[in-house]
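S.K.: Just the structure for this:
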Amino acid sequence: MIKVTVCELPDTWTQDDTLWNELKKHLASAGSDLLVLPEMPFSPWITRSDRVDSAVWDKAVSAHESWIGRLAELPAAMVAGAFCLSSNFNGPNVPGEDFSGAGWIIEPERGVVRGLTDPRQWILTLDVDLEEARAAKQTYPRYVRE
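M.R.: Numbering: from 1, shown residues only. Here you go, the predicted model:
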């Protein structure tokens, strides 16, 4: 069994260490083994415009290089599995378009949603039994070779 954490973050969460420190505290107290962050989590979302802007890209790359070095501060280990896990951004993106938010943990056999985040509960940690994933791989149609 492993303990997994997904989260729902505002696009501006790295502007200071407030949410970062809350996340670290939560991971430590929950004893998480796996943390799933949104895609490109360490800079404002770069697709706010259809126009390609190399300065925006360079800034995003620089922010990620800086924040990736800080991942060692987190007590979570990276693990792969058959459960579906997602973390997402929430809040405004471009005028008329908001990020959908909602991180989730979904079990591997029937797709039952085990947990969802929302703006009030923006971090979610649950135990995940890897035996469920192993067992799911033995059921139809997963065991059929192509």
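
S.K.: in this protein, which ranges drop under the pLDDT threshold?
M.R.: By pLDDT under 70, the weakly predicted segments of the chain are 72, 74-82, 84, 93-94, 100, 137, 140-146.

S.K.: Using PDB, write down the CA coordinates of the strand ranked longest in it.
M.R.: Longest strand in the chain, counting residues (DSSP state E): strand 2-10. Output in PDB follows, covering the C-alpha atoms of strand 2-10 (Å, rounded to 0.1, in the frame of the first residue of the first chain):
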ATOM      1  CA  ILE A   2       1.200   3.500  -0.800                       C
ATOM      2  CA  LYS A   3      -0.200   6.800   0.200                       C
ATOM      3  CA  VAL A   4      -0.800   9.300  -2.700                       C
ATOM      4  CA  THR A   5      -1.500  13.000  -2.700                       C
ATOM      5  CA  VAL A   6      -3.100  15.100  -5.500                       C
ATOM      6  CA  CYS A   7      -3.800  18.800  -5.300                       C
ATOM      7  CA  GLU A   8      -5.600  21.700  -6.900                       C
ATOM      8  CA  LEU A   9      -3.500  24.800  -7.200                       C
ATOM      9  CA  PRO A  10      -4.100  28.400  -8.200                       C
END
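
S.K.: Can you give me the buried ones in the helix or strand that it is followed by?
M.R.: Next helix or strand after strand 2-10 toward the C-terminus (DSSP states H and E): helix 18-30. Buried residues in helix 18-30, counting neighbours by 16 or more other CB atoms under 10 Å, are found at 19, 20, 23, 24, 26, 27, 30. In short, each C-beta sits where N, CA and C put it, glycine included.

S.K.: these two touch, right, the second one and residue 13?
M.R.: Yes - in this structure, residue 20 is within contact of residue 13 by CB atoms under 8 Å, at 7.5 Å.

S.K.: who's in contact with stretch 7-14?
M.R.: 19-20, 23, 35-38, 41-45, 63, 67, 87-93, 99, 101-103, 117-119, 122-124 (CB atoms under 8 Å, 6 or more residues apart in numbering).

S.K.: Nice, that's everything, thank you.
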